[in-house]
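Engineer: Below are the sequence and a predicted model; questions follow.
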Amino acid sequence: MDNSLYDGNIISIDKVEFWLLKNQDEYNHLKSLREGELRPLSEYVTAEDKFVDLYEQLDEVSRYHRFEPYCKEQLEIYALIKNDGLKLKEWFSTIESFYYEELIHFSVNYLDYLGNGKEYHLNVFSQLNKEMKLFIDRDDFKNTISLSNILNSIISSAEFE
C-alpha cells in the first residue's frame, strides 16, 4: 500500500490525481473484497480500512477539482454582469443549485475546518486517519474558491434580496 502522501506537506492536485491513478487497482480490489460487508468504526481499524478511506477522500477532492473550468467560466460571466442587478439575479438563478449542492459542501468540508476563517490550504480530513495531516494547495482550486466567495457575498448582501 502506498502511503506517499503522508509527508505532512502541502501537495498539488496533480500529485493527488497521480496517486489515485497509481492506486486505483488496489482500491478496486479491496472494495470488491468488502462488497456487502459492513465495516463499523471501531478501535480496530486496519491499514486497508485507512487506505480505502484515504482513497475515497482524495477521490472526492478530485471530483471537486473537475469543477474548476466551470467555475472559471462563471467568474468570467460574473465579471461582465456584476454591476447590472437584473443580469446578476438572472445569472445567479442559473447557478443557484450548483452553489447549494456543491459549493457549500466544498467550503464546509475543505476550507472551514477550524471554524475560525483563517485556514488556507484544503484540509483532507478522514475519520479513520485522524493522525493524517494532508493539505492540498489552495491555488489548485482558485476558481472554485473565488466563485464560492462571490456567491456567499451575493447571498448575504441586503441588496440582493
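Structural biologist: Structure's in. What do you need?
Engineer: Just the terminal-to-terminal distance for stretch 99-107.
Structural biologist: 10 Å (C-alpha to C-alpha, to the nearest Å).
Engineer: quick one: contacts for the residue most central in space within the chain?
Structural biologist: In the chain, the residue lying closest to the centroid (C-alpha atoms, centre = their mean) is residue 61, at 3.9 Å. Remark: with contacts taken as C-beta atoms under 8 Å, 6 or more residues apart in numbering, residue 61 is in contact with 13, 16, 110, 122, 124, 136. Any C-beta I mention is one placed from the backbone N, CA and C, and that applies to glycine too.
Engineer: Contacts only, for the fourth one.
Structural biologist: Put plainly, it is residue 122. Residue 122 neighbours (C-beta under 8 Å, 6+ apart): 61, 110, 111, 135, 136, 137, 138, 141.
Engineer: got the contact list for the last one?
Structural biologist: Under the criterion of C-beta under 8 Å, 6+ apart, the contact list for residue 141 reads 13, 64, 65, 68, 122.
Engineer: Please verify my assumption that residue 26 contacts residue 51.
Structural biologist: Yes. Assessed by C-beta atoms under 8 Å, residue 26 is found in contact with residue 51 at 7.3 Å.
Engineer: Those two: which is more packed in?
Structural biologist: Set residue 26 next to residue 51 and count neighbours by other C-beta atoms under 10 Å: residue 51 wins out with 19 against 15.
Engineer: average model confidence for the helix or strand encompassing that one?
Structural biologist: Counting by DSSP states H and E, the element that carries residue 51 is helix 47-65. Average pLDDT, helix 47-65: 92.
Engineer: Return the alpha-carbon coordinates of that helix using CSV.
Structural biologist: Coordinates of each C-alpha in helix 47-65 appear next as CSV, following Å, rounded to 0.1, in the frame of the first residue of the first chain:
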residue,chain,number,x,y,z
ALA,A,47,-4.3,-0.4,7.3
GLU,A,48,-6.6,-1.5,4.5
ASP,A,49,-9.5,0.5,6.1
LYS,A,50,-7.4,3.6,6.2
PHE,A,51,-6.2,3.1,2.6
VAL,A,52,-9.8,2.8,1.3
ASP,A,53,-10.9,5.8,3.3
LEU,A,54,-8.0,7.9,2.1
TYR,A,55,-8.6,6.9,-1.5
GLU,A,56,-12.3,7.9,-1.2
GLN,A,57,-11.5,11.2,0.5
LEU,A,58,-9.0,12.1,-2.3
ASP,A,59,-11.4,10.9,-5.0
GLU,A,60,-14.0,13.3,-3.6
VAL,A,61,-11.4,16.2,-3.7
SER,A,62,-10.6,15.2,-7.2
ARG,A,63,-14.3,15.4,-8.1
TYR,A,64,-14.5,18.9,-6.8
HIS,A,65,-11.4,19.9,-8.8
